[in-house]
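Enquirer: Fold the following.
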Amino acid sequence: MQMKKVRLLLLTLALVLVMVPFAKAGPARLIRIIPAGGVETGEPIVTGPPFPAELVIFAEGQVPVENIWLIIVLNDDTYQHLIEIEVNGVTFVDGDFVEILGTESAAFTIPPDTPPIDGVGILEGDKYNAGSLRDKLGATGESIWYAYKDSEIDEIWGTPMPLSVTVDSPGCDDLKALILAVGQYYPDGDLGPFNRSTPYSGSTLVVPEIGTLLLAAASFSAFALYALKRRKYFP
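Expert: Reported below is the predicted structural model:
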């Protein structure tokens, strides 16, 4: 009976280990924005000079991702001093931004269902909630501000494309601008709601190599057998 339990436990572990690589991010969060020359765990948060801040954008998995729109989220201090933000020649001014009050529910999501792009909105599962945005900006209980606009990037592939970001917010003591993106992947040529987006960083989980997974399984197996033998001789 004990051996059956051990075998069942080992089978469960093996299934979990096989599933781990697919837990990296949601299925549609396949656009990456990271610091130029950085690693995938780098976060797309611009925190101050020198400017322009050099980021890169690219897509993982199915490509190309088309019709890239940028979403920029600011903490309140950055917004209150803001003159403009420029990303690859596309300009955001203070009037482009919408406030999310500090009292707004953490479950409140952006962007709206129908951005001004031929009446097509972002998919519900690819929205960003206020709680997570506040957390990334260190703005718990504070107002944050967001804007979205066509990046004028027609498509992205697996090769990183530069994003040069300049934030003109003189007098700001705590500059933070989170740069996100959404896009469309429709290989049949039709277009629909945005179905590709960025996670808050390039990678949400570091997945071990297969050798590490096998070693972990072997180690667990040895431990389980040791535990079984110990239970047999030392009840």
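
Enquirer: for the record, mean pLDDT for the longest strand belonging to the chain?
Expert: If you go by DSSP state E, the chain has its longest strand at strand 144-156. Per-residue pLDDT over strand 144-156 has a mean of 95.

Enquirer: so after that strand, what's the next helix or strand?
Expert: Downstream of strand 144-156, the next assigned helix or strand under DSSP states H and E is strand 161-168.

Enquirer: The helix or strand following that next one - contacts with which helices or strands?
Expert: Later in the chain than strand 161-168, the nearest helix or strand by DSSP H and E is strand 177-184. The criterion is 3 or more Cβ pairs under 8 Å, 6 or more residues apart in numbering; DSSP states H and E, and the helices and strands that strand 177-184 contacts are strand 31-35, strand 45-46, strand 53-59, strand 65-75, helix 130-137, strand 144-156, strand 161-168, strand 196-197. The C-beta positions use only the backbone N, C-alpha and C, and glycine is treated the same way.

Enquirer: Direction included, what does the strand or helix carrying residue 99 pair against?
Expert: Per DSSP H and E: residue 99 is located in strand 98-100. Note on strand 98-100: by DSSP bridges, its sheet partners are strand 144-156 (antiparallel).

Enquirer: Just the CA trace of the partner strand, in CSV.
Expert: Below are the C-alpha coordinates for strand 144-156, written out as CSV (Å, rounded to 0.1, in the frame of the first residue of the first chain):
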residue,chain,number,x,y,z
ILE,A,144,-2.1,56.4,-11.0
TRP,A,145,-2.6,57.6,-14.6
TYR,A,146,-2.7,55.7,-17.8
ALA,A,147,-2.8,56.5,-21.6
TYR,A,148,-2.9,54.4,-24.7
LYS,A,149,-2.0,55.3,-28.2
ASP,A,150,-1.0,53.7,-31.5
SER,A,151,2.8,53.2,-31.5
GLU,A,152,2.9,53.4,-35.3
ILE,A,153,4.8,50.1,-35.2
ASP,A,154,3.1,48.0,-37.8
GLU,A,155,4.4,44.7,-36.7
ILE,A,156,7.0,43.0,-34.4
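
Enquirer: Now the longest strand of the chain: buried residues?
Expert: Burial within strand 144-156, assessed by neighbour count using 16 or more other Cβ atoms under 10 Å, is assigned to 144, 145, 146, 147, 148, 149, 151, 153, 156.

Enquirer: sorry, back to before: deepest in the core, which of the helices and strands packed on strand 177-184 is it.
Expert: Per-stretch averages of neighbours, counted by mean count of other Cβ atoms under 10 Å, single out strand 196-197 among those, with a mean of 26.

Enquirer: which residues are in contact with that strand?
Expert: With Cβ atoms under 8 Å, 6 or more residues apart in numbering as the test, strand 196-197 has contacts from 28-31, 59, 65, 122, 126, 180-185.

Enquirer: so which of the helices and strands packed on strand 177-184 gets nearest residue 190?
Expert: Closest approach to residue 190 among the helices and strands packed on strand 177-184 (Cβ to Cβ): strand 65-75, 11.4 Å.

Enquirer: counting contacts, what elements does the closest one pack onto?
Expert: Where contact means 3+ Cβ pairs under 8 Å, 6+ apart, strand 65-75 is packed against strand 84-87, helix 130-137, strand 144-156, strand 177-184.

Enquirer: what angle sits between the last one and strand 53-59?
Expert: Interaxial angle of strand 177-184 relative to strand 53-59 (axes from the mean of the first three to the mean of the last three Cα atoms, to 10 degrees): 20 degrees.

Enquirer: Nice, that's everything, thank you.
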